[in-house]
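Student: fold the following.
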Amino acid sequence: MSSHLQVLVEGEYFNRPVGQRVSQTNGMTIETRDGRYSNDFGNYALGLRYSRKSGKTGFYFQPSVGFALNREAPGFFGPSNPPQASLMRTSLSGRLELGVRRDIGKNYLIFGVRHHQGFQELDGRREVFSAQDLTVDFQSSASYSAVFLGFGIPTRWFAK
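Tutor: Residues are numbered from 1 along each chain as shown. Alright, predicted model coming up:
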């Protein structure tokens, strides 16, 4: 769009460990987030990147909007007999990113912080396995905050 403003399209995949609650017969509850169970998400966004550069180093600010996808595999919560169809759920989302960019030849490295906020419940399922005194709790809007390091390949041919 200009030397300081670019349109961007992003896609990411991540695996999130899911917490569990174990309720014991004596009334004691233990909560863990050890990753015994996990859930996979895809996040897709369209945004604008505002950047300022001085020499080979610069900073950028990047707001974007998009959606998260979550696919629950058939039979995740038990046997799939009869066979079950996969469930696909979506959540609208927004994110803000702030970072530093350093040119390396024709490519670049970026280091930054990101907050991704889901606006709808993506996977609000809670399953109780009474025989094992176990509760698996999937409740998320795919929101997270992160520090990251990335490698960029410029797309100068779009400017022509």
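Student: what about Ser2, which helix or strand?
Tutor: Using DSSP states H and E, Ser2 sits in no helix or strand.
Student: brain fart, Phe14
Tutor: strand 5-23.
Student: which secondary element of this protein has the worst mean pLDDT?
Tutor: strand 134-138 (a mean of 60; mean pLDDT, DSSP states H and E).
Student: would you mind pulling up the elements that the next helix or strand along the chain from it packs against?
Tutor: Using DSSP H and E, the helix or strand that follows strand 134-138 towards the C-terminus is strand 144-152. Packing contacts for strand 144-152, counted by 3 or more CB pairs under 8 Å, 6 or more residues apart in numbering; DSSP states H and E, involve strand 107-118. For every residue, glycine as well, the C-beta is placed using N, CA and C.
Student: residues in contact with the strand it packs on?
Tutor: Applying CB atoms under 8 Å, 6 or more residues apart in numbering, the external contacts of strand 107-118 come out as 43, 60, 68, 91-102, 140-154.
Student: grab the nearest non-local neighbour of Gly58.
Tutor: Arg101 (5.0 Å; CB to CB, 6 or more residues apart in numbering).
Student: count of neighbours near that neighbour?
Tutor: Using other CB atoms under 10 Å, Arg101 has 20 other residues around it.
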